[in-house]
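S.K.: following is a predicted model, sequence given first.
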Amino acid sequence: AQKVTQAQTEISVVEKEDVTLDCVYETRDTTYYLFWYKQPPSGELVFLIRRNSFDEQNEISGRYSWNFQKSTSSFNFTITASQVVDSAVYFCALSEAWDSSYKLIFGSGTRLLVRP
Amino acid sequence: EAQVTQNPRYLITVTGKKLTVTCSQNMNHEYMSWYRQDPGLGLRQIYYSMNVEVTDKGDVPEGYKVSRKEKRNFPLILESPSPNQTSLYFCASSIAGRTSTSETQYFGPGTRLLVL
């Protein structure tokens, strides 16, 4: 069955530290999509990245980078030189090509607190 | 500005009093969906719609209804709310189809509902 696991419930770091948020997924589909969303204290969900299962290239966007490894079914998210504004709940999500509902299967989220 | 809007943003109601949460998008997206977010569970899909007059159940549809009479609107109806429907609700929309990276689902700001 499809599943997304974010084992880290909460992480606390001091500003300027690097931090990695883990995401492990399970799926039987060979074509699937992985996402990261950010939920700041204000509550909205902000899209960060989308990845296709056939594209294992890592991606960097400013201080953010993502490491996709099919061999370990992981899609980890690293923030370099963290800032207080990075404090939020981060969700990893999976959608499967065969699923006609297009639903996103979310992990339970990781709350990141960046202290000044 | 491309966006998904929801109203109301906050709502306190009593058991059994019918309510509607509206969702509207201005991106001409075919696909729309409702999710609820509960602590420790991430987000779960309630209902979705592939286009006008085409709706279907998600993973947790009990106690909810939806309609899709216009492409831009997808209201969520709670005919007889109960305390276990206290949650944070999100509407999302995207282009339907799996041929481009624009299939990312964009979320509304959320509606926080408390049923007493």
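M.R.: Noted; the coordinates are in hand.

S.K.: endpoints of stretch A:7-23, how far apart?
M.R.: 8 Å (Cα to Cα, to the nearest Å).

S.K.: buried residues in it?
M.R.: By neighbour count with 16 or more other Cβ atoms under 10 Å in any protein chain shown, stretch A:7-23 contains the buried residues A:8, A:11, A:13, A:19, A:21-23. All C-beta atoms are positioned from the backbone trio N, CA, C, and that covers glycine.

S.K.: and residue 51, what does it touch?
M.R.: Unless you meant another one, I'm taking chain A. Each residue near residue A:51 by Cβ atoms under 8 Å, 6 or more residues apart in numbering or on different chains is listed here: A:33-35, A:59, A:66, A:68, A:75.

S.K.: nope, chain B
M.R.: By Cβ under 8 Å, 6+ apart, the neighbours of residue B:51 are B:30-31, B:68, B:71, B:96.

S.K.: just residue A:6 next, same as before
M.R.: A:21-23, A:90-92, A:107-110.

S.K.: between the buried residues of stretch A:7-23, which sits nearest residue A:46?
M.R.: residue A:21 (14.6 Å; Cβ to Cβ).

S.K.: the nearest residue to residue A:17 once chain neighbours are set aside: neighbour count?
M.R.: Counting by Cβ to Cβ, 6 or more residues apart in numbering or on different chains, the nearest residue to residue A:17 once its immediate chain neighbours are dropped is residue A:82, at 5.5 Å. Residues within reach of residue A:82, counting by other Cβ atoms under 10 Å in any protein chain shown, total 22.
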